[in-house]
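Participant: Sequence and predicted structure are below.
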2 protein chains.
Amino acid sequence: MSEVVEKMDRRKQRTRQYLRDALMALIVEKGYEAISIQDITDRANVSRPTFYLHYRDKEELLLTSLEEVYDDLNARVGEITPGGMMADGNPVELVAFQHVAEFADFYRVMLSSRGVAAFIIRVQHYLASVFQQHVQICFPAGLTSTVPIDILAYREAGALIGTLSWWLENEMPYPPTEMAHLHYQSGAKGVLWGLGITLDAD
Amino acid sequence: MSEVVEKMDRRKQRTRQYLRDALMALIVEKGYEAISIQDITDRANVSRPTFYLHYRDKEELLLTSLEEVYDDLNARVGEITPGGMMADGNPVELVAFQHVAEFADFYRVMLSSRGVAAFIIRVQHYLASVFQQHVQICFPAGLTSTVPIDILAYREAGALIGTLSWWLENEMPYPPTEMAHLHYQSGAKGVLWGLGITLDAD
DNA sequence: ACTCTACTTTACACCGTGTTTTTTATTTGA
DNA sequence: TCAAATAAAAAACACGGTGTAAAGTAGAGT
């Protein structure tokens, strides 16, 4: 996933690290779209032409910068066990809330009006694929689903993004564990359950 | 909501209409970000300075152009009746699927990587507010919710966007009515129901 | 110490933005 | 129908960001 970093000149490593740090800081400060290459290189204390020695454009820098974020997320997702719940009895969604809490400043911007559509959609696809993988781990024998699994995957991916958006917009009033439970329950048992309504017969 | 159009010079009306049409066509063709003012005025057969006589920038044109889309949506939402289902027995989500089907080319871009984060977030907020209003219409006496209603609203708003994304990305293989039912059921009864799983006791 | 190679500096052409001024065309309404 | 009002076109401008090139400098690797 990451580039080969071992045999890379220290200056190269340092410069790229400066650029990535600068981008992340600037995203938090002024939003992605408002950032110019000059802004990034100024912040990184690097000349503007140097930028182009490493990255084609702002988007390419963003994509590589995201790897740090993804590495954290993938490490957490790797801990998932079959069975729908994690080893400690928490729902798997907890990893998402913990991860987002870790990078709250970043996500607060990127999942807002000042964010990037491509990033939001990418997160959605990622979460949908995790959902599908998780279903296959929990039910290896297969299922006779009432609803196509990929629709459910997109639905739940969007639902999680929605809950995360609310959480980030409202200064994260509940801890990750509580959010994970609220989200899990209203998903597993349905929205009517979340509203406190007993479901009638079909 | 809309401007006063009656007393407006015909040339003004025509020019603005051309600009709005051009923007919408270009969004479908190349995505919002890739469009320049020059692109819009070329397509509209209008000089570039003229653009600035009417709109401050591309975003302002987008916002006014969206009113046509919103007018359609609001007309449909207005038809919602209290009770969770519409007069014909379809779930209220149906209006969203019908509306998106009407402007499918537009939404296919705007809810994709080539779209605009601000638009996606705006749709999310709109859907969340509709959800909350709908709950208040259906249960005017109030509810003792297990989950805060605004969290549920964001959750379901995101969920709907997720389902719509899947639908648009996959060439809309099911008609709006069927999508609405699939979406409604997996929301009301929960994801496990959608997967075909009978829920154990708590 | 010597050789690479990354970085800096300066410069340039290009493109999109936003505005101004002058001129032309069209609409309004008296 | 004609005069006054106003919208649009045309041409030009300053500005800022992009992407590249050429020359020189500094610091890494061996």
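Facilitator: Right, received. Where do you want to start? Numbering: from 1, shown residues only, chains lettered A, B, ... in the order given.

Participant: give the contact list for the most centrally placed residue in chain A.
Facilitator: Computing the C-alpha centroid of chain A and ranking residues by Cα atoms, centre = their mean puts residue A:123 first, at 5.4 Å. Listed by Cβ atoms under 8 Å, 6 or more residues apart in numbering or on different chains, the contact set of residue A:123 reads A:111, A:157, A:161. C-beta here means a position set from N, CA and C on the backbone, and glycine is covered the same way.

Participant: For the spatially closest residue to residue A:184 that is not a sequence neighbour, list each beta-bridge partner.
Facilitator: Nearest residue to residue A:184, sequence neighbours excluded (Cβ to Cβ, 6 or more residues apart in numbering or on different chains): residue A:91, at 3.8 Å. Beta-bridge pairing of residue A:91 under DSSP bridges involves residue A:85.

Participant: Please look at residue A:91 and residue A:182 and confirm they touch.
Facilitator: No: here residue A:91 does not reach residue A:182: they are 10.0 Å apart, not a contact under Cβ atoms under 8 Å.

Participant: re earlier: per-residue pLDDT of the residue nearest to residue A:184, please?
Facilitator: The model reports residue A:91 with a pLDDT of 82.

Participant: quick revisit: from the contacts of residue A:123, which ones fall inside helices?
Facilitator: Among these, DSSP state H puts A:157, A:161 in helices.

Participant: Also near chain B: which of the contacts of residue A:123, exactly?
Facilitator: A:111, A:157, A:161 (Cβ under 8 Å from any Cβ of the partner chain).

Participant: Give me the buried positions along the host helix or strand of residue A:185.
Facilitator: For residue A:185, the host element (DSSP states H and E) is helix A:176-188. Going by neighbour count (16 or more other Cβ atoms under 10 Å in any protein chain shown), the buried part of helix A:176-188 is A:176, A:179-188.

Participant: could you say what helices and strands that helix packs with?
Facilitator: Judged by 3 or more Cβ pairs under 8 Å, 6 or more residues apart in numbering or on different chains; DSSP states H and E, helix A:176-188 is in contact with helix A:93-102, helix A:149-169, helix A:191-194, helix B:149-169, helix B:191-194.

Participant: Dump the ones you listed into TSV; add mean neighbour count and distance to residue B:95 as well.
Facilitator: What follows is the helices and strands packed on helix A:176-188, written out as TSV (neighbours: other Cβ atoms under 10 Å in any protein chain shown; distance: least, Cβ to Cβ, whole Å):
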stretch	mean neighbour count	distance to residue B:95
helix A:93-102	21	29
helix A:149-169	25	18
helix A:191-194	22	18
helix B:149-169	25	11
helix B:191-194	22	21
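
Participant: Please identify which of those helices is closest to DNA strand C.
Facilitator: helix B:149-169 (26.9 Å; Cβ to the nearest atom of the strand).

Participant: where does chain A dip in pLDDT?
Facilitator: The model of chain A has pLDDT under 70 over residues A:1-6, A:80-87, A:89, A:199-202.

Participant: which bits of it sit near DNA strand D?
Facilitator: A:9-11, A:36-38, A:48-49, A:52, A:57-58 (Cβ under 7 Å from any atom of the strand).

Participant: Of those, just the buried ones, PyMOL syntax please.
Facilitator: Under the burial definition 16+ other Cβ under 10 Å, those of these that qualify are selected in PyMOL by:
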select buried, chain A and resi 37+58
